[in-house]
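J.: Any chance you could fold what I've pasted below:
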Amino acid sequence: FGWCAWHQNYARGVRLISVQDQGSAFGDTGRFACRPCRHAYDLVPLADRP
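T.: Numbers count the residues shown, from 1 in each chain. The predicted structure follows:
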């Protein structure tokens, strides 16, 4: 359960899609997507990439 960056709401089954290093003291920020948004926008989770 987490925040989907694509439809801007909480959802089940979110997966990490991209990581951006903004150089802040808080470290990297990630963008997560839920299953419906991954399908609709043809997004591939980082863990599933070669």
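J.: what ranges do the helices span in the chain?
T.: 35-40 (DSSP state H).
J.: and stretch 41-50, which residues are buried?
T.: Using 16 or more other CB atoms under 10 Å as the test for burial, stretch 41-50 gives residue 43. In this view, the C-beta of every residue, glycine as well, is placed from N, C-alpha and C.
J.: Skip the chain neighbours and tell me the closest residue to the most centrally placed residue in the chain.
T.: With distances taken as CA atoms, centre = their mean, the residue of the chain nearest its centroid is residue 32 (1.5 Å). Leaving out its chain neighbours, the residue that sits closest to residue 32 by CB to CB, 6 or more residues apart in numbering is residue 14, at 4.1 Å.
J.: didn't the one you found look like it was pressed against residue 6?
T.: No. Counting by CB atoms under 8 Å, residue 14 does not reach residue 6; the two are 9.8 Å apart.
J.: circling back to that earlier point, around the residue nearest to residue 32, count how many other residues there are.
T.: Using other CB atoms under 10 Å, residue 14 has 22 other residues around it.
J.: Distance-wise, check it relative to residue 36.
T.: Distance, residue 14 to residue 36, by CB to CB, to the nearest Å: 11 Å.
J.: do the same with residue 42
T.: Taken as CB to CB, the span from residue 42 to residue 36 is 12 Å.
J.: just residue 19 next, same as before
T.: Counting by CB to CB, the gap from residue 19 to residue 36 is 22 Å.
J.: No further questions, thank you.
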